[in-house]
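**Q** here's my sequence, what's the structure:
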Amino acid sequence: NYKFNNDVSDFFSKKFEELIEKYKSDEISTQELENEINNYKEYVDYTEKVENEKKYKDELGKANEFFNNKEYEKALKIYVKLNNLEYKDLTEEIDKSKQGVKKETLKIVDELKKNKNYSKAIEKINNIKMYYSDDKELNNLLSELKKLEEKQKEEEKIKDLKSTIKVTKVWTSSPNSAGGVDLFINWKNLSNKVVKY
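**A** Numbering: from 1, shown residues only. Next comes the predicted model:
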């Protein structure tokens, strides 16, 4: 009985895998798959597995649609998810999507860099960095943007400091007997802080 049960289980398992492969490659429709599975439902119930396969196939269809509409980042997320679930080998789709995401990102980052919006450019690269951990071009660009952002912050800090006090007049007194002079500076506090000393 044990051997018989194992043989029956193996038979249906192989049959199910064959049907799923045909379904994935569009050799049979969803209806045909369900009809076939129902033929031996009294022996083994694959309803839950079929539902998962239908869900994954729908997701793959969405990913392909995103890719065709050049929405590479949306497509990539789904391809990676399905590949990790071992639904199908989607290495080629992932590589093509990654190329599209990188190309689009570099285009946007270049525009942000021209407009000196370094923080947004850094954020844009960081959003996709998980897919390109070893990409030298993106890593170098990210490093460059961080330096530019740091420099920009320093310049803004200096500009802010320069605008806190305005010197209105500078003059010296007449030389005293030793040739020394006093220096006088009139200035105005433009900041919202009180100068105590």
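**Q** I'd guessed T47 sits against I37; true?
**A** Yes. In this structure, T47 is within contact of I37 by CB atoms under 8 Å, at 7.4 Å. (C-beta placed from N, C-alpha, C; glycine too.)
**Q** comparing those two, which residue is more hemmed in?
**A** Neighbour count, other CB atoms under 10 Å: between T47 and I37, I37 has more, with 20 against 11.
**Q** which parts of the helix or strand containing that one are buried?
**A** Assigned by DSSP states H and E, I37 belongs to helix 30-39. By neighbour count on 16 or more other CB atoms under 10 Å, the buried set for helix 30-39 is L33, E34, E36, I37.
**Q** who's in contact with the last one?
**A** By CB atoms under 8 Å, 6 or more residues apart in numbering, the contact list for I37 reads F16, L19, Y46, T47, V50.
**Q** just the buried residues of the residues you listed.
**A** By 16+ other CB under 10 Å, the contacts of I37 give F16, L19, Y46, V50 as buried.
**Q** which residues does stretch 47-63 contact?
**A** Here stretch 47-63 has contacts from 16, 20, 23-24, 30, 33-34, 37, 41, 74-75, 78-79, 81-82, 85, 87-88, 90, 93, using CB under 8 Å, 6+ apart.
**Q** on that earlier part again, helices - which of the buried ones among the contacts of I37 land there?
**A** Using DSSP state H, the members of the buried ones among the contacts of I37 that fall within helices are F16, L19, V50.
**Q** could you single out the nearest of the residues you listed to W171?
**A** V50 (91.9 Å; CB to CB).
**Q** helices along this protein, start to end?
**A** Using DSSP H, helices in the chain cover 2-24, 30-39, 47-68, 72-84, 91-114, 118-128, 136-162.
**Q** next, format those as a markdown table and append mean pLDDT and distance to K169.
**A** Below are those laid out as a markdown table (pLDDT from 0 to 100; distance: least, CB to CB, whole Å):
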| stretch | mean pLDDT | distance to K169 |
| --- | --- | --- |
| helix 2-24 | 79 | 83 |
| helix 30-39 | 85 | 86 |
| helix 47-68 | 92 | 66 |
| helix 72-84 | 94 | 59 |
| helix 91-114 | 95 | 42 |
| helix 118-128 | 94 | 39 |
| helix 136-162 | 93 | 18 |
